[in-house]
Structure formats: C-alpha cells, structure tokens
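Chemist: Please find the sequence and the predicted model below.
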Amino acid sequence: GNSVTQMEGPVTLSEEAFLTINCTYTATGYPSLFWYVQYPGEGLQLLLKATKADDKGSNKGFEATYRKETTSFHLEKGSVQVSDSAVYFCASKGDYGQNFVFGPGTRLSVLP
Amino acid sequence: GAGVSQTPSNKVTEKGKYVELRCDPISGHTALYWYRQSLGQGPEFLIYFQGTGAADDSGLPNDRFFAVRPEGSVSTLKIQRTERGDSAVYLCASSSSGRTSTDTQYFGPGTRLTVL
C-alpha cells in the first residue's frame, strides 16, 4: 500500500531562515502529493499540491516539486516568518477508491 | 456553509458509553472521509463514503466503530462501548468526487473526543 515518510521534528528556525521539510512516498501507480498545514488551534488546511511528476506546487512562498525519480516531495520556503509556525503534513492520494495517506507531521517553530 | 463543519467540537464521555460524531460536508461534495488523529501523529484513515455507500471502511479499527451517510450528505460516526484508547481528534473531510488522485480534500475542524 501507499505510505509517506517525513522528517521528524520539531524544527526550530529563526525568522528569515531557509526551510526544508523532507517527504518521501511509496505508492503503486501515480499518486497526487499534498502538503497540509495545521496552525495552532485550527483545522488542517491545504497548503499546496502536485498531481504529476515534475509538477511544482506553490502557495504563500512555499514550494514543493514532485520528483518521481527520488519519490520525494520536499517542502521549501526561502524565508520563514513567525506566522509560519505550525505542523506540516505531507500526504499522498492514489486513484479512484484510494484514501489519503498522511505522514506523521513536522512541527515548525519560527522564532523572532 | 462554506466549509466542512463538525459537531460537537468537544465531547467528553465515560468508558463504556456510546457516542455520535456528526459531519456536515461542503454542499455538493459526493466523497466524504473520516480520520482519527492522535496526539503528535498524522490523520489516520477510517472510512470513505462515495454518496450514501461506504466505498472503503478498511480503516475502522474494530466493530465498535460504525459510520453512516443515509442521504449522501451529512455523516455520523458512531462509537459503541468507548474505551480510553478511542480518545483522539476525529476529523471529517469532503471532496468533490473522490474518484481521482487529484481530488483535494477539505477538512473540518475536528471533534476532540475524550474518554475518561
């Protein structure tokens, strides 16, 4: 079955630092890949997604590229802000009838 | 409403009791999903509805858990004889079709269940 592995946290960065959160997946077929974010006290929100190899998803300064050759979907941001402090979840979804599979989440804390 | 809603937001119950958790998906979304999220972990799939029918219930941990969606809209997750290990946040999500891998799921705020 499908699975997702992401780097363990917590990750603590200073404001304006560069962020990378690693995510790798295993899947049959060609899944779509997603990053969801959960801000303190809030529900899961879609951050970005990519639906095929070499696609790049981007939103709010975050980017992730679907790399089929390395089965990866690493999340990056060039300059983090305090407001980016949250838990980030990598997820994959296969074709019809397949459910979402989430990674364990990576907690990011950005210090001023 | 604009998004997925879930009620109650918090539920505290005693071991052995029965609970019902409700999910109201985005209007028009045919696919509905239930997940369970334990502290410090990612959401864990429980069950997926396509319309009124459960297309995949392979994530339900045991027969104490049951879910329905009788009219293809609102869904209720039912837990019988609750145990302390059932304590978690129960998340509901909906998507427009669920039939393709590109279909985005939209999550509700969750119901925090505490079993004493």
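Modeler: Here it is on my side, so go on.

Chemist: At the contact with chain B, which residues of chain A appear?
Modeler: For chain A, the contact set with chain B under Cβ under 8 Å from any Cβ of the partner chain comprises A:4, A:29-32, A:34, A:36, A:42-46, A:49, A:51, A:89, A:91, A:93-105. All C-beta atoms are positioned from the backbone trio N, CA, C, and that covers glycine.

Chemist: Can you name the residue of chain A nearest to chain B?
Modeler: Residue of chain A nearest chain B, by Cβ to the nearest Cβ: A:Phe102 (3.5 Å).

Chemist: now the end-to-end length of stretch A:6-16.
Modeler: 23 Å (Cα to Cα, to the nearest Å).

Chemist: same question, stretch B:65-81
Modeler: 9 Å.

Chemist: for stretch B:10-29, same thing?
Modeler: Taking Cα to Cα as the criterion, the two ends of stretch B:10-29 lie 25 Å apart.

Chemist: who's in contact with that stretch?
Modeler: With contacts defined as Cβ atoms under 8 Å, 6 or more residues apart in numbering or on different chains, stretch B:10-29 is touched by B:1-8, B:32, B:34, B:73-84, B:90, B:92, B:94-96, B:106, B:108, B:111-116.

Chemist: So A:Gly57 belongs to a strand, correct?
Modeler: Yes. Counting by DSSP: H, G, I helix; E, B strand; the rest coil, A:Gly57 is found in a strand.

Chemist: Give the bridge partners for it, please.
Modeler: As for beta bridges, A:Gly57 partners with A:Ala64 under DSSP bridges.

Chemist: Surely it touches A:Leu46?
Modeler: No. Under the criterion of Cβ atoms under 8 Å, A:Gly57 is not in contact with A:Leu46, lying 9.6 Å apart.

Chemist: Now residue 16: which helix or strand?
Modeler: Looking at chain A here, since you left the chain open. A:Glu16 is part of no helix or strand when elements are defined by DSSP states H and E.
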